[in-house]
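**Student:** Task: produce atomic coordinates for the following.
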Amino acid sequence: MGERMDIQDLFLQSENFKVTIYWATKSVERIDYFAIERSLDGRHWSDLDSICDLWKSDTSLNYSLTDESPFLGTSYYRLKYRNTDGALEYFPPLTAICNKKGKVPMEINLCTPVGVDQ
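**Tutor:** The predicted model follows:
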C-alpha cells in the first residue's frame, strides 16, 4: 500500500438541516475516488456520495459533499478514498447532532456539528 493521503481542513458545517463535509488535499496522485460514508452508530456505515474522475494535481484542491437528508439525532460521517492499487483508507469520523425543535406545522430544524471522534 502507498503513502497515506495528506488531507487538510476536514470539517463539517450545517445549514438549513443539511450537513456538508469539506476537505482539502495538498495534491492528488494515484487516487481513484473520495467518498463520504454516514452512520447512526459509528460502527455500521453506508455510502452517502462520492467524487470520481479525479485530476492529478500538484496543488491544493478543495472538495465538499452534502447530506441533503441527515439522520435525526447523532450522525457520524467519515471520509474514505481508494487509491489506484485498490486499497481503501479511512479518516476518523466527524459527528453532527440534528434535532427538530418546535411544535408548529413548519418545524425549525437544527443540526449542530460536534467535532471529530478519535
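**Student:** Tell me if I'm right that residue 47 and residue 34 touch.
**Tutor:** No - shown here, residue 47 and residue 34 do not form a contact pair, counting by Cβ atoms under 8 Å, at 11.5 Å. All C-beta spots, glycine's among them, are computed from the backbone N, C-alpha and C.
**Student:** Look at those two and report which has more neighbours.
**Tutor:** residue 34 (22 against 10; other Cβ atoms under 10 Å).
**Student:** so which helix or strand takes in the more buried one?
**Tutor:** Assigned by DSSP states H and E, residue 34 belongs to strand 31-39.
**Student:** Residue 82 too?
**Tutor:** strand 73-83.
**Student:** Just the C-alpha atoms of stretch 47-64, please, in CSV.
**Tutor:** Presented in CSV, the C-alpha positions along stretch 47-64 are these (Å, rounded to 0.1, in the frame of the first residue of the first chain):
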residue,chain,number,x,y,z
ASP,A,47,-22.2,5.3,1.3
LEU,A,48,-23.5,8.8,1.1
ASP,A,49,-21.8,10.1,-2.0
SER,A,50,-18.5,10.1,-3.9
ILE,A,51,-16.3,12.2,-6.1
CYS,A,52,-14.8,10.2,-9.0
ASP,A,53,-12.7,11.1,-12.1
LEU,A,54,-10.1,13.0,-10.1
TRP,A,55,-7.5,15.0,-11.8
LYS,A,56,-3.9,14.6,-10.9
SER,A,57,-2.7,17.8,-9.2
ASP,A,58,0.4,19.1,-7.5
THR,A,59,-1.6,21.9,-5.9
SER,A,60,-4.1,22.2,-3.1
LEU,A,61,-7.7,21.2,-4.1
ASN,A,62,-10.9,21.8,-2.1
TYR,A,63,-13.8,19.3,-2.0
SER,A,64,-17.2,19.0,-0.4
